[in-house]
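Trainee: Mind looking at a prediction? Sequence and model below.
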Amino acid sequence: MRQNSRALVFYFSVLVLFFSLPAQAAEPKKLSEVYKAEEIKQGNLQFQKANEFFEDRNYTKSIEELKLFLVLYLRHPKEWEARKLLSSAYRKTKDTVALAQNELMMYKDYPNTEEGLDAYLESARAFVRMGREEKAIAILKDITVNTYSSKIAQEAEMELTQLEILSEGKNK
């Protein structure tokens, strides 16, 4: 009888413990959720690595890591930050062509945001530095005509005016 009561107490304890566990612990996570969480975690590590290279002034290595990040982790939550850091690294290495391309890609991916429009304006500035005023003027005119952001449009208008003044000075 004593053994039966001990066994009963044991089984009762196990049942109480089992039913007191939260419902989430009983349900396993979906495999796709686990993969997504791991992908985000790995992407964060890759971005952190690139950021550390940038802070150490190893811009070339930072660019390599950021390019790898953008290829491997499409639509990662830190994608925009990675693109901005990539632009900063291109500025530091004075790679104006790559800077313009990256800024245009940022605009292409986010055309209806203030940040995307700002990237479009930055690409125009990069084209001016490369001596491709025609391309820069086309971008600046597009911004002034088709932009909903008055701040960006005003900046583009100022850039256009400066380019016109410079071209008048060259023609004299």
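Mentor: Cool, the structure landed. Every value quoted in this text rests on a predicted model; they were computed, and no experiment measured them.
Trainee: How much space separates residue 161 from residue 152?
Mentor: Per Cβ to Cβ, to the nearest Å, residue 161 is found 15 Å from residue 152. Any C-beta I mention is one placed from the backbone N, CA and C, and that applies to glycine too.
Trainee: Neighbour count for those two, which is higher?
Mentor: More neighbours surround residue 152 than the other of residue 161 and residue 152, with 18 against 11 (other Cβ atoms under 10 Å).
Trainee: burial count for the residue nearest to residue 114 when sequence neighbours are not counted?
Mentor: Taking Cβ to Cβ, 6 or more residues apart in numbering, and ignoring the residues beside it in sequence, residue 114 has residue 149 as its nearest neighbour in space, at 5.7 Å. For residue 149, the neighbour count with other Cβ under 10 Å is 16.
Trainee: my guess is residue 98 meets residue 88, correct?
Mentor: No: counting by Cβ atoms under 8 Å, residue 98 does not reach residue 88; the two are 11.9 Å apart.
Trainee: When these two are compared, which one has more neighbours?
Mentor: For residue 98 versus residue 88, the count of surrounding residues by other Cβ under 10 Å is larger for residue 98: 18 against 15.
Trainee: what comes into contact with the helix or strand residue 152 falls within?
Mentor: Under the criterion of DSSP states H and E, residue 152 resides in helix 150-171. Helix 150-171 is contacted from outside by 114, 117-118, 120-121, 124-125, 128, 133, 136-137, 140-141, 143-144, 147, using Cβ atoms under 8 Å, 6 or more residues apart in numbering.
Trainee: Great, nothing more from me.
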